[in-house]
Each structure stands twice: as structure tokens, then as C-alpha cells.
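Colleague: This is the structure alone, sequence omitted:
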């Protein structure tokens with residue numbers, strides 16, 4: 001995972017070759033984003 005800024009907004013990039021994420025992981029990522037002010041999540045393959 002990588003968090004960064006673009007135009008003064010935080011974003012989170014997640015890379016996983018098959019783009020399969022468990023529900024538990026996605027919920028934890030969402031909570032992390034809420035707590036840290038990350039406004040966008042990007043998934044790439």
C-alpha cells in the first residue's frame with residue numbers, strides 16, 4: 001500500500017495482481033482512510 005498526496009488530497013494505492021481482497025481487509029482499509037483523511041482509494045493490477 002502507498003499513501004500519497006495529489007493536489008493537496010490524500011489517496012491510497014493498493015496493488016494486488018489478482019485484485020482479490022477479503023471483506024475484512026477492505027473494511028480495515030476503509031477505517032484507516034476515515035481515520036487518516038485519505039479521500040480516494042485506487043486499485044491497480
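Modeller: Great, that's in hand. Note that the coordinates shown come from a computational prediction; the quantities given were computed from them, not determined experimentally.
Colleague: which residue ranges form the helices in the protein?
Modeller: Ranges of helices in the chain, per DSSP state H, are 23-36.
Colleague: low-scoring stretches of it, by residue?
Modeller: Scanning the chain for pLDDT under 70 picks out the ranges 1-7, 44-45.
Colleague: beta partners for the closest residue to residue 32 other than its chain neighbours?
Modeller: Counting by C-beta to C-beta, 6 or more residues apart in numbering, residue 38 is the residue found nearest to residue 32 once chain neighbours are left out, at 7.2 Å. In short, each C-beta sits where N, CA and C put it, glycine included. Taking DSSP bridges, one finds residue 10 as the beta-bridge partners of residue 38.
Colleague: any idea how far residue 38 lies from residue 17?
Modeller: Note on residue 38: its distance to residue 17, by C-beta to C-beta, to the nearest Å, is 23 Å.
Colleague: ditto for residue 10
Modeller: The gap separating residue 10 from residue 17 is 25 Å, by C-beta to C-beta.
Colleague: Appreciated, that's everything.
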